[in-house]
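A.B. asks: here's a sequence, model it:
(one chain, ligands or ions: 1)
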Amino acid sequence: MRLTDKFGRAIHDLRISITDRCNYRCVYCRTGTNGAAYAELPFADYLRMAGILVSLGITKIRLTGGEPLLRKRIVEFVRDLAKLRTVDGHKPEIALTTNGHLLAEIVEPLKDAGLDRVTVSMDAVDPERFARITRVPNGFDSVLAGVRASRRAGLEPVKVNCVLLRGFNEDQIIPFGMFARDEDVVVRFIEFMPLEEDRVWTPEVVVTLDEIVARMSEYRRLVEVQHQRSETARRYRFDDGVGEIGIIAPVSHPFCGHCSRIRITSDGKLRTCLFSAWDHDLHELMRRGASDEKLVEFILKTIEQKEERHHIGEPGFVPASRTMVHIGG
Ligand code: SAM
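C.D. replies: Here you go, the predicted structure:
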């Protein structure tokens, strides 16, 4: 079976948030308070959900949060996920999105357990600015160590995601270009979306794809690289072939028509879109003792309700029912 929604989009990417706690309090994401707003489940529950979704056509699983590395026993969870088999009989691709703070010590065991790829979030390459954004002192060196350890562990290409905010860190564009070349990582800029706790988003704060390309080209010429339809990032290499940049532009160049994702929140709700106005309570059904067949039925019905697209920036835009940290980015 292959999961397909009513717009003909194949659904093959699953993101699982395993906690909505985070050890960073990034200014564009959190209000400044720590802590969870929603429950987290035993790994066995996520594993059962993932197993059913993989049997329906999911081929890639990304673990996220909150900060996923705050969950103890994540290595064992990755090992269990790696035992699942896709419809075609392969191990699902397993990826991790992390702020990287705790990554250096655990990346090798994660790789051995079956992790295939890692994305580290970093919004400045200047340590002081980094601390101002994350509101945690001295984090930069730990994250850099995590990036380097990931490369050493062979999880290449390591991706580094940066959210740009006008007037705040847009001056980091060229330094990130240099960072991509020096550290041999793919740096991907993400346009800021209205998914923050403080509701401070305005279109003016978004640094757009066109602006990023223009600014980076002042440093070195960029050449666009062909990307796959379901890939969210537009890809560019520098003209001398050293270093790759990606730009994820959900605001200025939406890619909803190619969306292949479904999400499980830390408390076991299915979400069909980052901007969904409601969640679908898969865990409640499990808690009441539903059979796998019942869960499959529920998942198929949920996927039928996947939204055609988001409405960022349009009149009457309705904010998502949860913010990014509580969905799983
Ligand atoms: N803690 C992990 C991390 O830092 O990567 C995973 C969760 S975090 C919510 C995932 C990603 O979402 C990060 O790269 C973060 O920068 C991004 N993010 C958070 N709020 C965002 C927003 N409003 N718009 C775009 N990206 C956002």
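
A.B. asks: the single nearest residue of the chain relative to the ligand: neighbour count?
C.D. replies: Using Cβ to the nearest ligand atom, the single residue of the chain nearest to the ligand is residue 329, 2.6 Å away. From N, CA and C alone the C-beta is placed, and that goes for glycine too. By other Cβ atoms under 10 Å, 22 other residues sit near residue 329.

A.B. asks: which ones are touching the residue lying closest to it once chain neighbours are set aside?
C.D. replies: In space, and not counting its chain neighbours, residue 329 is closest to residue 64: 5.8 Å by Cβ to Cβ, 6 or more residues apart in numbering. Neighbour list for residue 64: 15-18, 96-97, 328-329 [criterion: Cβ atoms under 8 Å, 6 or more residues apart in numbering].

A.B. asks: just the residues you listed: which are in strands?
C.D. replies: Counting by DSSP state E, the part of the contacts of residue 64 found in strands is 15-17, 96-97.

A.B. asks: just among the residues you listed, which is most surrounded?
C.D. replies: residue 17 (29 neighbours).

A.B. asks: not counting residues beside it along the chain, what's closest to that one?
C.D. replies: Residue 17 sits nearest to residue 328 (Cβ to Cβ, 6+ apart), 2.8 Å away.

A.B. asks: isn't the one you found up against residue 267?
C.D. replies: No: taking Cβ atoms under 8 Å as the definition, residue 328 is not a contact partner of residue 267, at 10.7 Å.

A.B. asks: who has more neighbours out of these two?
C.D. replies: Using other Cβ under 10 Å, the more surrounded residue of residue 328 and residue 267 is residue 328, with 25 against 21.

A.B. asks: out of the ones in strands among the contacts of residue 64, which touch the ligand?
C.D. replies: When contact is defined as Cβ under 6 Å from any ligand atom, the ones in strands among the contacts of residue 64 meet the ligand at residue 97.

A.B. asks: okay, the ones in strands among the contacts of residue 64 in CSV with pLDDT next?
C.D. replies: Shown next, in CSV, are those (pLDDT from 0 to 100):
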residue, pLDDT
15, 98
16, 98
17, 98
96, 98
97, 98
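
A.B. asks: picking up where we left off before, check contacts around the residue of the chain closest to the ligand.
C.D. replies: With contact set as Cβ under 8 Å, 6+ apart, residue 329 has these partners: 64, 97, 121.

A.B. asks: tell me the backbone dihedrals of the first one, please.
C.D. replies: In terms of degrees, to the nearest 10, the main-chain angles of residue 64 are phi -150, psi -170.

A.B. asks: what's the spacing between it and residue 4?
C.D. replies: According to Cβ to Cβ, to the nearest Å, residue 64 stands 24 Å off from residue 4.

A.B. asks: then the last one?
C.D. replies: In this structure, residue 121 and residue 4 are 31 Å apart, going by Cβ to Cβ.

A.B. asks: more neighbours, these two?
C.D. replies: Taking other Cβ under 10 Å, residue 121 and residue 4 do not tie; residue 121 has more neighbours (24 against 15).

A.B. asks: give the bridge partners for that one, please.
C.D. replies: Legend: beta-bridge partners of residue 121 under DSSP bridges are residue 161.
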